[in-house]
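Novice: here is a sequence with its predicted model. Questions after.
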Amino acid sequence: RTECLQSLSFSNIDARRQDIFLAHPNTGDWIFETTEFRQWRDRTDLSKHNGVLWIKGHPGTGKSTLMKHIWRYCQREFEDHIVASYFFHARGDSLEKTPLGMLRSLVCQLLDNDEQSYQRFLSLFRGKKRIHQIWEWREAELKEFLHSEMQVRQWPPLVILIDALDECNESQAQNVVDFLEALSISEVNVRICLSSRHYPNISMEIFQELVVEKKAGHNTDITKYVYDKLAMADSRIARIEEEVLNKASGIFMWVVLVVAMLKKAHANGKVEAMKQKLREVPSNLDELFSNILSKENPDKHETILMLQWVLFAVRTLEPEEVYYATLAGTGVTNLGPWDQSQLTADDIQRCITYSSKGLIEVPKAESTVQFIHESVKDFLLRNQRLQSLDPTLGSNPIGQSHDRLKTCCLSFIETNASILDDIWMDGDCIERYEFHLKYPFLKYASLHWLDHAEAA
């Protein structure tokens, strides 16, 4: 049984869901009182939605937090159901952002919770194992299995939650929607809830739509968040709340970033400084990112280089790799070995937060770095933002960025050439854990400098 389930599972299969913060206390419950959610939950007026609730919203409105809130609700309220979820993750590894990863996850959750489905799948697994020495599951066969299960299984009912559909590419997203639509029109008792931005323009024939930023409860949540986080015990907070709400336009990510700025201004009890900060802050999320990155910054080169590493690395990087990769590109000559008694992992994480101006994070369920939100990546890659931050990138910012990352790799290799010589002379392997612990960036630099050279 374990071998069968492991053939479907993969690293970080549920990491994205774990990484999403819980809803702020006493927020999010408004969605359970909406007509759209109630009809979906109770399966009333089925002809109007076929058991499909589609939550849509602008980037940064908090859709993923709502979806996790709904997942927790379903786990609690649908005790006699199988609740299967998948949270797409554009900043994750390949399977985290593709339909194949979603299908492997959904089938794995179904088998783990339903013995009859497991027994039917087991024959497929044994057949694959008997015929092929090396093999992987394919999209088509997993879809076929799920479709067949919808035809034969009667109990327990199924709830499927799919978050961030827009974080796979447009053709893949439409492929997922077509598959879910086919499940929704089967005879089985299935509820499907998915979330996405308004763009790309993907759709299905019959579904119930809920637009986050148009709901009064969403704005009430923003007000509560501002009040709780600023914790001001006088009437002046009301005016600040109102202005934050007006400028936010329903974008919760904007509110989180701005409240952090206001708290700094309020640290010494300077309410007027808060008001001034709020007047200065742009109301558009892109403009806010631009404002954060364009402030006077003596370490601007370091900031841009760190952003480039998260944008263009061949694979996701660990905090220590990003730290030393950035050092290698800023002229620092002391690039190893890493002495953890002098530089702790916490020190490195604080440095990453500071250098990236809070736009890069290390999620709690993972050991790799990522942007705080997909909208940061969108911002940097649109409208020549990288060139605006660093005019030396010229007309080919992606190629120039890869060339810069290649140079970082070669600089790190050159600085630690004697270590590499010792590894080859001793017939040792750079994959060994102790080398990675002492020289966190050495493996990446050695294996991928040529990838960046070719990309450049």
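Specialist: That came in fine, so what should we check first? If you're wondering where the values come from, they're calculated on a predicted model, not measured in any experiment.
Novice: do I have it right that S375 meets L285?
Specialist: Yes: with contact defined as C-beta atoms under 8 Å, S375 reaches L285; the gap is 6.0 Å. From N, CA and C alone the C-beta is placed, and that goes for glycine too.
Novice: mind checking how far the nearest residue to P363 once chain neighbours are set aside is from F87?
Specialist: In this structure, P363 finds its nearest non-sequential neighbour in D19, 3.7 Å apart by C-beta to C-beta, 6 or more residues apart in numbering. Here the criterion is C-beta to C-beta, to the nearest Å. By it, D19 lies 9 Å from F87.
Novice: so for the two, which residue has more residues nearby?
Specialist: More crowded of D19 and F87, by other C-beta atoms under 10 Å: F87, with 25 against 20.
Novice: residues contacting the residue nearest in space to the middle of the chain?
Specialist: Nearest to the geometric centre of the chain sits H89, at 4.4 Å (C-alpha atoms, centre = their mean). Each residue near H89 by C-beta atoms under 8 Å, 6 or more residues apart in numbering is listed here: N12, A15, R16, E96, K97, A164, E167.
Novice: burial count for K295?
Specialist: Per other C-beta under 10 Å, the neighbour tally for K295 reads 9.
Novice: related to what we said a few turns ago, overlap of the contact sets of S375 and L285?
Specialist: Listed contacts common to S375 and L285 are P59, G60, M253; contacts here mean C-beta under 8 Å, 6+ apart.
Novice: highest neighbour count among these?
Specialist: Using other C-beta under 10 Å as the neighbour test, those are led by G60, with 25 neighbours.
Novice: please name the nearest non-neighbouring residue to it.
Specialist: Counting by C-beta to C-beta, 6+ apart, M253 is the residue found nearest to G60 once chain neighbours are left out, at 3.2 Å.
Novice: state the distance from that neighbour to E213.
Specialist: Distance from M253 to E213, by C-beta to C-beta: 12 Å.
Novice: identify the contacts common to the two.
Specialist: When C-beta under 8 Å, 6+ apart defines a contact, the residues bordering M253 and E213 alike are T61.
Novice: can you show me the helices along the stretch 251-400 of the chain?
Specialist: Ranges of helices in the stretch 251-400 of the chain, per DSSP state H, counting those that start in this stretch, are 252-266, 271-280, 285-294, 300-312, 319-328, 345-355, 374-381, 385-389, 397-415.
Novice: how far is the first one from where the chain is centred?
Specialist: To tie it back to what came earlier, the one meant is helix 252-266. Centroid displacement of helix 252-266 relative to its chain, using C-alpha atoms, centre = their mean, to the nearest Å, is 21 Å.
Novice: let me see the ranges of the strands in the protein.
Specialist: 52-56, 82-87, 158-163, 190-196, 208-211, 360-361, 370-371 (DSSP state E).
Novice: name every strand pairing with the third one and say which way it goes.
Specialist: Applying DSSP bridges to the sheet, strand 158-163 is found paired with strand 82-87 (parallel), strand 190-196 (parallel).
Novice: what would those strands look like in JSON lines with mean pLDDT?
Specialist: As requested, the strands paired with strand 158-163 are exported to JSON lines (pLDDT from 0 to 100):
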{"stretch": "strand 82-87", "mean pLDDT": "95"}
{"stretch": "strand 190-196", "mean pLDDT": "94"}
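Novice: can you redo those as a markdown table with distance to S411?
Specialist: Shown next, in a markdown table, are these (distance: least, C-beta to C-beta, whole Å):
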| stretch | distance to S411 |
| --- | --- |
| strand 82-87 | 37 |
| strand 190-196 | 41 |
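Novice: that's all I had, so thanks and see you.
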